[in-house]
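# Structural data only, the sequence is not supplied:
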């Protein structure tokens, strides 16, 4: 079955895209760690099954020096304790909690774990980045945008 790409209204789509781009850029800049940012957005994109974002952010992760081992084991980060730092693991746990919202909220222990590794400003930017990539994932899977359209 061939999947047809769905387009959004051009004017509305551009305005929404610009607002989302601003949020993404602001969150990334405030987090201040491009490699960690890529791990976070890749993990959310894995959970959301967004092939376009995975393709894009895997390329960016390599550009920012994320190791192939981390990329290979990201889906199983909880079991790969020696591959990810405690700070990265805290960010990934928060990413999963915000992305999945299984219990309808982010558990206190997950938030506190992240707060132990990020000051208040960086934690706010981390949450902003997680929210931003979840927005992008949802837009791209709604539009059925296939991978391969991004070049770094």
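Everything's here; your move. The model shown is predicted, which means the values in this text are computed figures rather than measured ones.

# from here on, contacts and neighbour counts on C-alpha atoms
Fine.

# what's stretch 85-95 in contact with?
Residues outside stretch 85-95 that contact it (C-alpha atoms under 8 Å, 6 or more residues apart in numbering): 36, 39-40, 43-44, 77-78, 106, 110-111, 113-114, 117, 126-127, 130.

# In PyMOL, select just the buried ones from the residues you listed.
Buried members of those, defined by 16 or more other C-alpha atoms under 10 Å, are picked up in PyMOL with:
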select buried, resi 36+39+40+43+44+77+106+110+111+113+114+117+126+127+130
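
# which one of the contacts of stretch 85-95 is nearest residue 151?
residue 39 (18.3 Å; C-alpha to C-alpha).

# Let me know the pLDDT of that closest one.
For residue 39, the pLDDT comes out at 98.

# pretty sure it is touching residue 60, no?
No: using C-alpha atoms under 8 Å, residue 39 makes no contact with residue 60, being 10.1 Å away.

# Tell me which residue lies nearest the centroid of the protein.
In the chain, the centroid-proximal residue (C-alpha atoms, centre = their mean) is residue 41; its distance is 1.7 Å.
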